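> below are the sequence and a predicted model; questions follow.
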Amino acid sequence: MDRLTTALEQHVRVLQLQILQLQDEISVLPMTPAAANAQLKAQLDLIHAYNRARDDTQKLFGLIAEKTGETVASVYERYQMKFDD
């Protein structure tokens, strides 16, 4: 074998060892990228659902306040909710 072939084979062995080390590191990660993306999507879906519920509650409390002649803040107080919830 010539020097170039020997050097290339040695470099391939070094790269193979690096691949094995990286695979070991990946295997101890708490979750796969796909699982992390799925968890992130689920959390974003929950945030969107919360925001829709909060917006609907604000609209409803606004209607209650309008019909009863109260302030929106007093409606929040009546239902024992913080105005900034």
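Perfect, I can see it now. Numbers count the residues shown, from 1 in each chain.
> residue boundaries of the helices in the protein?
3-27, 33-68, 72-78 (DSSP state H).
> what angle do the first one and helix 33-68 make?
Computed by axes from the mean of the first three to the mean of the last three Cα atoms, to 10 degrees, the angle separating helix 3-27 from helix 33-68 equals 40 degrees.
> surely Gly71 meets Gly62?
You called it Gly, but residue 71 is Thr. No. Counting by Cβ atoms under 8 Å, Gly62 is not a contact partner of Thr71; they are 10.2 Å apart. Quick note: C-beta positions are derived from backbone N, CA and C, even for glycine.
> quick check, pLDDT for the residue nearest the centre of the chain.
For the chain, the residue nearest the mean C-alpha position is Leu40 (3.0 Å; Cα atoms, centre = their mean). pLDDT for Leu40: 93.
> can you get me a residue count around Ile64?
Residues near Ile64, counting by other Cβ atoms under 10 Å, number 16.
> contact partners for it?
Neighbour list for Ile64: 70, 75 [criterion: Cβ atoms under 8 Å, 6 or more residues apart in numbering].
> can you pull the pLDDT of it?
Looking at Ile64, its pLDDT stands at 91.
> which positions in stretch 2-9 come out as buried?
By neighbour count on 16 or more other Cβ atoms under 10 Å, the buried set for stretch 2-9 is empty.
> please apply the same query to stretch 71-85.
Result for stretch 71-85 [16+ other Cβ under 10 Å]: buried residues 75-76.
> helices and strands around the helix or strand of the chain with the lowest mean pLDDT, which ones?
Lowest by mean pLDDT, DSSP states H and E among the helices and strands of the chain is helix 3-27, with a mean of 85. Packed against helix 3-27, as judged by 3 or more Cβ pairs under 8 Å, 6 or more residues apart in numbering; DSSP states H and E, are no other helices or strands.
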